[in-house]
Structure formats: C-alpha cells, structure tokens
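Chemist: Sharing a model prediction with you, sequence too.
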Amino acid sequence: MKILAIESSCDETAAAVIEDGVKILSNVVVSQIDIFAEYGGVIPEVAARSHLEAILPVIHKSLKEADLNWNSIDAIAVTHTPGLLGSLLVGTLTARTLAILHNKPLYAVHHLKSHIYATWLNNEIKPHFPLLALVISGGHTQILYMKEHNHFEIIGTTHDDAVGECFDKVAKILGLPYPGGPSIATEAKKGDENRYKLPHPKVNELDFSFSGLKTAVLRAIQKEVGVPISYPSHELAKLLSEKQRSDFAASFQKTAVDILLEKLNLAREKYPEVKSLVIAGGVSANQKLREEALKMLKNNSEGHPQLLRGRSEEPRKDGRDERPEEIFLTFPDPKFSGDNAAMVGAAAYFEIKSGVKPTDPYSLNIAPRSPIN
C-alpha cells in the first residue's frame, strides 16, 4: 500500500510517499525556521501564508522523487489535529481537494500518533507491545501507554508549558537563537551542568510542569548578574558572560532531561509489563537525553539498548503480567524526530491495518487542540 502523506501542523510544509508503513519512497520537508529565527518563534499567520506557497510544489516533488503518479497512490493521509489553525487548514484543504479529484480514500491523522510511529521508520529494532511512549516537542509533553496498534492511553501530561516550549523560552532569555533546543544543546557542550541547581517541579504521579523551571532559570540569572526580578528578561543576555551562558544552558538542559526521565522511569515501574520504551517528538533528537536514557536502561547489547531483567517467582497482586526479561528503548532516526510527512504516512498505515475507516473529504474539519484517542 502506497500512501501520500501531508504534514502542515506548524512551520514545516511536508509531503511523503510511504509504502506499507515503513518504506520511505520520498520525504520532502520545507522548513520555515529561517523565517522565524529573526522573531524567536512562530508567527501563525506568516506560517499559514508560507504553507500556501509551498504545499503544491512539495507534493509534486514528493511524487516525482517516488517516481509515481496518482494512479499508483492508494490513499492520502493528512495531519488534522493538533496544531496552528491556519497551518492545519492549508494541509487539510489540500488533502481533501486531492482526495476528491483523484478519488482516493482520505485518512485524518493525529499529530502525536505520527511522532510515535516515526519510530517505525528506518529503525532496525521495531517497538514491541505493550509500550510506553514519551512524546516531547514544542507543543506537547505526554506519556502514553499502548497495548497494541492504534490504542492510546494518556497516563501523563504537562499542566502548562511543553518541554520544547521551555527550551525555546530559556534560549531566548540566554540570547540564543531559535529554535531553542539545538541552540541550548550546542551551548551546553561548553558549560558545567552542575554549576546551577535548578528545582524539579512537584506535580502528581506522571504529569509534568515546565513553567516553574523556566521561571527558576529566569530568577537564577537575575540573581547571578545582580539585578532585581523586575529587570526585563530580554535584556539579561547582554549581562551574562560566555561562561555563565554556557553553564546556565548546561544546567537547564540537565534538569529538563532529568525531569523527563524520572517520569518515564516512574511510568516503567507502574507498568512493568511493557516491552518497549519509545521517546519521540522534536526534543527526542537531544543527544543528552538519548545518552542519559541509555544509561538509565543500561545498554547491555551492541547497538541495541535493552535492560535484561529476571522474572519474579511470586505472582503479582495487581494482576498485571510479570516484567519482560528485556525491554527495548527506541528513538526515531534524528531526521524523523521533527515534523515530517513520512511519520504521518506510517501512522495512517497502521490505522488502516487496525480497521480505521476513511474520512469523508467533504466533511473533514480541523481541531487545533485535541487529545489523542
């Protein structure tokens, strides 16, 4: 099955052709990062206009690179939720029109599902069910439990900022360029991650909160440079030395990574039957996070991170299955961590295999904010 997939939920205009859920025939992404670097963040109206200019050329290029015409396409998939309203409209209206013109079944895909299924692309070790997925990006921070394909249970979520948003805001305070994740990761390599002690938010169970961490960084910088808390955050960067900037970047990154992995480890303890841990989304490309996650699970094999465990001889009182003897930790290939259309095609394929019916192209609507289901 060959699926033409379209992604336009934020500031990447993307199209891809995916065969049988895992084979990438083409994957074209036009990013707007250069446009928004000057502003330090995405401007929704500008993003939507940029999608309008790029969407049809991107789709045409995707078909050309796959060396296919419309007769060879079996279905169309598109991100319809969540995301920026104008950006989603461009992608979904294009997909709806193409589905009607070419008489192709249309599948509307949730953006978070796509990030999870990015792990199936270009990955020798495919995740095994049941699994836990930590989805971390500029707009989302959630832990999900999946007992099988297309079954998603949210067991942890952020109460406020997503971790990627926190990276962007801290980077702006430090005077680092947008997007904040790569900028902080680069700056952190020069710093001492133990120089500044930053707090871990106290939230219940598996939930997250990152607004407090952002404020803690702000207050720590104000204290370090000797200015009152009323001092404008956008003027702090010029008061920092290069050493201070690097140390703050490293200390913040370490704290954010520790928070994420503490929650994932707690989820692993609460769901001991899981066979795989998936860390996906744009922030999953962070090298510090990958290294610390591997340490957490102790890499006991060559190239395949896994934790070997023995089984308890005593039956569990809560009725859950015993822990598996091994648990695999998987990340998307870094080039699929950010927004792209290949992951949309992968998610759509597994939805189809799970029995999901096509969406009516005449009635499909967008949902800028919608929980995964």
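Modeler: Arrived safely. Computed from a prediction, not measured in an experiment: that's the story for all the values here.
Chemist: Neighbours of residue 234, how many?
Modeler: Residue 234 has 11 neighbouring residues, counting by other Cβ atoms under 10 Å. Placement of C-beta: from N, CA and C, glycine included.
Chemist: Might you report the residue contacts of it?
Modeler: Contact analysis of residue 234 by Cβ atoms under 8 Å, 6 or more residues apart in numbering lists 172, 173.
Chemist: Local confidence estimate at it?
Modeler: Residue 234 carries a pLDDT score of 92 in this model.
Chemist: can I assume it sits in a strand?
Modeler: No: going by DSSP: H, G, I helix; E, B strand; the rest coil, the assignment for residue 234 is helix, not a strand.
Chemist: quick one: it and residue 40, what's the gap?
Modeler: For residue 234, the distance to residue 40 equals 9 Å [Cβ to Cβ, to the nearest Å].
Chemist: overlap in contacts of these two?
Modeler: residue 172.
Chemist: For the helix or strand that residue 182 is a member of, list every residue counted as buried.
Modeler: For residue 182, the element it lies in under DSSP states H and E is helix 180-188. If you call a residue buried by 16 or more other Cβ atoms under 10 Å, then helix 180-188 has these buried ones: 180, 181, 182, 183, 184, 185, 187, 188.
Chemist: out of the residues you listed, which one sits closest to residue 367?
Modeler: residue 181 (25.7 Å; Cβ to Cβ).
Chemist: Who are the contact partners of the closest one?
Modeler: 164, 167, 168, 171, 282, 283, 285, 286.
Chemist: Which of the residues you listed ranks first by neighbour count?
Modeler: Going by other Cβ under 10 Å, residue 167 tops these with 30 neighbours.
Chemist: And the spatially most central residue of the chain, what's its pLDDT?
Modeler: Nearest to the geometric centre of the chain sits residue 281, at 1.4 Å (Cα atoms, centre = their mean). On pLDDT, residue 281 comes in at 96.
Chemist: for the one 3 residues further on, same thing?
Modeler: At residue 284, the pLDDT value in this model is 96.
Chemist: can you list contacts of the following helix or strand past the helix holding residue 182?
Modeler: Sequence-wise, the next helix or strand downstream of helix 180-188 (DSSP H and E) is helix 211-225. Residues outside helix 211-225 that contact it (Cβ under 8 Å, 6+ apart) are 160-161, 166, 169-170, 173-174, 196, 198-199, 201, 228-229, 231, 233, 236, 239-240, 244, 248, 252, 255-256, 259.
Chemist: Which members of these are positioned in helices?
Modeler: 166, 169, 170, 173, 174, 244, 248, 252, 255, 256, 259 (DSSP state H).
Chemist: could these go into TSV alongside neighbour count?
Modeler: Converted to TSV, these look like this (neighbours: other Cβ atoms under 10 Å):
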residue	neighbour count
166	29
169	22
170	25
173	21
174	22
244	17
248	27
252	29
255	19
256	28
259	22
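Chemist: can you give me the strands in the stretch 251-373 of the chain?
Modeler: 276-280, 306-308, 326-330 (DSSP state E, counting those that start in this stretch).
Chemist: got the ones you listed as CSV, with mean neighbour count and distance to residue 120 columns?
Modeler: Listed next are the strands of the stretch 251-373 of the chain as CSV, based on neighbours: other Cβ atoms under 10 Å; distance: least, Cβ to Cβ, whole Å:
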stretch, mean neighbour count, distance to residue 120
strand 276-280, 25, 10
strand 306-308, 16, 18
strand 326-330, 20, 9
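Chemist: right, and the ones you listed - which one's nearest residue 350?
Modeler: strand 276-280 (13.4 Å).
Chemist: name the helices or strands packed onto the closest one?
Modeler: Where contact means 3 or more Cβ pairs under 8 Å, 6 or more residues apart in numbering; DSSP states H and E, strand 276-280 is packed against helix 111-117, strand 131-136, helix 242-270, helix 287-297, strand 326-330.
Chemist: what's the least confident stretch among those?
Modeler: strand 326-330 (a mean of 85).
Chemist: If you rank every helix and strand of the chain by mean pLDDT, what lands last?
Modeler: strand 306-308 (a mean of 38; mean pLDDT, DSSP states H and E).
Chemist: Next one: residue 371 from residue 151, what distance?
Modeler: 14 Å.
Chemist: actually residue 109, not the one I typed
Modeler: 15 Å.
Chemist: can you check residue 43 too?
Modeler: Taking Cβ to Cβ, one finds residue 43 at 37 Å from residue 151.
Chemist: As CSV, the buried residues of helix 180-188 with distance to residue 276 and pLDDT would be great.
Modeler: What follows is those, written out as CSV (distance: Cβ to Cβ, whole Å; pLDDT from 0 to 100):
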residue, distance to residue 276, pLDDT
180, 29, 94
181, 24, 94
182, 27, 95
183, 31, 96
184, 28, 98
185, 25, 97
187, 32, 98
188, 28, 98
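Chemist: Distance to residue 15 for those residues - can I get that in a markdown table?
Modeler: As requested, the buried residues of helix 180-188 are exported to a markdown table (distance: Cβ to Cβ, whole Å):
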| residue | distance to residue 15 |
| --- | --- |
| 180 | 27 |
| 181 | 24 |
| 182 | 24 |
| 183 | 28 |
| 184 | 30 |
| 185 | 28 |
| 187 | 34 |
| 188 | 34 |
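Chemist: which among those gets closest to residue 129?
Modeler: Nearest to residue 129 among the buried residues of helix 180-188, with distances taken as Cβ to Cβ, is residue 181, at 29.1 Å.
Chemist: Compare residue 109 and residue 151 (neighbour count), which wins?
Modeler: Between residue 109 and residue 151, residue 109 has the larger neighbour count (other Cβ under 10 Å), namely 25 against 13.
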